[in-house]
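**Student:** got a predicted model here, sequence first, then my questions.
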Amino acid sequence: MIGPRTADPGLYRLAYQVGAELAGRQAVLLCGGLTGVMEAAARGAREASPPGRTIGLLPGTDRGDGNAFLDYVLPTGLGEARDGALITSADAVVAVGGNPGTLIEIGYALQRQRPLAVLGGWSVLDESGRPVPGVLVARTPAEAVTLVLGSAG
């Protein structure tokens, strides 16, 4: 699960629902562990019934920077390089919303051939204006999770 550190109420709700969907399908949520959509998804997973497992891969070295909804907090000290480690560790990726960091993570997901769905964020087009192969566009949190879990190996 990737997305920005800030989220308006609509984006927060989408990310929360993605977390809940992942938990409902017994998938472990791996995220950047901070605020915004990362917190929302972790909260959605933890508040699901039964609760899902959550892991935060932090850019810094302080465990206390992780949000309150993480089961496991892994400080990396890697800064922005942690984005590559996050995508490499994931079986599949859902991008909720977008900022430049999210776009970089989308690039990593494509490079590493991870199943990828975008929800409420970036449109990734080739030089001809056509959708880039490998970027699945979802309309709902449930569809995003279904798309990536159905493609994950």
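**Tutor:** Perfect, I can see it now.

**Student:** pLDDT below threshold where in the chain?
**Tutor:** By pLDDT under 70, the low-scoring segments of the chain are 153.

**Student:** and the strands in the protein?
**Tutor:** Applying DSSP state E to the chain gives strands spanning 29-31, 54-58, 72-75, 93-96, 116-119, 135-137.

**Student:** residues of stretch 51-61 that come out buried?
**Tutor:** G52, R53, T54, I55, G56, L57, L58, P59, G60 (16 or more other CB atoms under 10 Å). All C-beta atoms are positioned from the backbone trio N, CA, C, and that covers glycine.

**Student:** tell me how far D91 lies from M1.
**Tutor:** Separation of D91 from M1 (CB to CB, to the nearest Å): 12 Å.

**Student:** ok, now Y108?
**Tutor:** For Y108, the distance to M1 (CB to CB) stands at 14 Å.

**Student:** ditto for E80
**Tutor:** Distance of E80 to M1, computed by CB to CB: 17 Å.
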